[in-house]
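J.: no FASTA, just this:
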């Protein structure tokens, strides 16, 4: 009788496990990919610690190392198909949760400190970058819709902007793939190169955070690029980057109207204002009004850091440097020139902002 009861309980447990799912995928399917991201994250943390022990400081932080390890593993080995779901989950969902948790380390004072003029300056730079990037892309010979995708990805938020703009302008799948290829590779390259910039140009944490927030494509990449300069750079870069992301709504709406999709009612509001940005703002407000106990801030920050490292590993595992050959030479040249233009505009904004 006892054996029968035990077998019944075990069968019920298996039934519950198999019934758990995320986004329609059974929960167990995520385990191999998440475990791989966790292993890479541990290796990155140990690598950073080893640098500190041997040299007294870390040349590359654990976030950047996690990306590099992931890219190398993806580009030079064949990943098991079983890891795909977990890698995507880590790169997207874990990252979004980390960004929300990051809001607990900020308060409304930093947004107030940004000032209306700086926000206006960011909006102007995004607008100038969109126009300049589109002009560069067309001059190099890209088709109009591909040029728009390159301009949006470069000026606003990389893959997210490309994915949101594509249906608004009726872009072809081939154009979307080409545009995403450059953001993936150039975005990772920027994260690796960025930490060396403050030393060459004598930038303090605030100025570097502003520069990184204005030029790096995605929110997680901003976190990785600014982490070596400390909390002030991370906070500044994140706020600036999120202001850029919020420009996506007006841009996509404008593109929809221009291309005759303004009255279709099919604008994806979730893409224009993702849930994690709303969560991030709510966490800032909760921190500002004292709704988050001080004793909880350190654990929340630690969890956000761990999830961010895992998402960086997943980001690296999602990038195959061999994909550059599919993007085409013109796209690479246009994207690189557009990024340099955005860097120049950002330096000008820093000079004006003081």
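T.: Noted; the coordinates are in hand. Worth saying up front: this structure is predicted, and the values here are computed from it rather than measured.

J.: Scan this structure for its longest helix.
T.: Assignment by DSSP state H gives helix 108-140 as the longest helix of the chain.

J.: Which elements pack onto the helix or strand just after that one?
T.: Where DSSP states H and E defines the elements, the next helix or strand beyond helix 108-140 is helix 144-152. Secondary-structure packing of helix 144-152 (3 or more C-beta pairs under 8 Å, 6 or more residues apart in numbering; DSSP states H and E): helix 108-140, helix 159-169, helix 173-193, helix 329-353. Where you see a C-beta, it was placed from the backbone N, CA and C, and this is true even at glycine.

J.: highest average neighbour count across these?
T.: Ranked by mean neighbour count under mean count of other C-beta atoms under 10 Å, these are led by helix 159-169, which reaches a mean of 23.

J.: Show me where the stretch 201-350 of the chain has its helices.
T.: Chain-ordered helices for the stretch 201-350 of the chain, with DSSP state H, counting those that start in this stretch as the definition, fall at 205-215, 219-226, 231-246, 248-258, 269-272, 275-288, 294-317, 324-327, 329-353.

J.: and these as TSV, adding mean pLDDT and distance to residue 165?
T.: Listed next are the helices of the stretch 201-350 of the chain as TSV, based on pLDDT from 0 to 100; distance: least, C-beta to C-beta, whole Å:
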stretch	mean pLDDT	distance to residue 165
helix 205-215	89	19
helix 219-226	79	18
helix 231-246	82	13
helix 248-258	78	6
helix 269-272	52	9
helix 275-288	79	17
helix 294-317	85	21
helix 324-327	56	17
helix 329-353	85	15
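
J.: Residue 126 is nearest to which of the ones you listed?
T.: Nearest to residue 126, of all the helices of the stretch 201-350 of the chain, is helix 231-246, at 6.0 Å by C-beta to C-beta.

J.: Can you list the buried residues in that closest one?
T.: Neighbour-count burial for helix 231-246 flags 233-246 (criterion: 16 or more other C-beta atoms under 10 Å).

J.: which one of those is nearest residue 85?
T.: Nearest to residue 85 out of the buried residues of helix 231-246 is residue 245 (C-beta to C-beta; 26.0 Å).

J.: Now do the contacts for the closest residue to that closest one other than its chain neighbours.
T.: Distances taken as C-beta to C-beta, 6 or more residues apart in numbering place residue 157 nearest to residue 245, at 5.0 Å, with adjacent residues excluded. Taking C-beta atoms under 8 Å, 6 or more residues apart in numbering, we find residue 157 in contact with 217, 218, 219, 241, 244, 245, 248.

J.: of all those, which comes closest to residue 302?
T.: Taking C-beta to C-beta as the measure, residue 302 lies nearest residue 219 of these, at 19.2 Å.

J.: burial count for that closest one?
T.: Here the number of neighbours of residue 219 (other C-beta atoms under 10 Å) works out to 28.

J.: List the contacts of it.
T.: If you count contacts by C-beta under 8 Å, 6+ apart, residue 219 has them with 95, 99, 157, 238, 241, 242, 245.

J.: rerun at 6 Å
T.: Contacts were defined as C-beta atoms under 6 Å, 6 or more residues apart in numbering; by that measure residue 219 touches 99, 241.

J.: mind checking how far it is from residue 61?
T.: 17 Å (C-beta to C-beta, to the nearest Å).

J.: thinking again about what came up before, tabulate the helices of the stretch 201-350 of the chain in JSON lines, adding columns for distance to residue 176.
T.: Putting those into JSON lines (distance: least, C-beta to C-beta, whole Å) gives the following:
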{"stretch": "helix 205-215", "distance to residue 176": "22"}
{"stretch": "helix 219-226", "distance to residue 176": "20"}
{"stretch": "helix 231-246", "distance to residue 176": "19"}
{"stretch": "helix 248-258", "distance to residue 176": "14"}
{"stretch": "helix 269-272", "distance to residue 176": "13"}
{"stretch": "helix 275-288", "distance to residue 176": "22"}
{"stretch": "helix 294-317", "distance to residue 176": "19"}
{"stretch": "helix 324-327", "distance to residue 176": "11"}
{"stretch": "helix 329-353", "distance to residue 176": "12"}
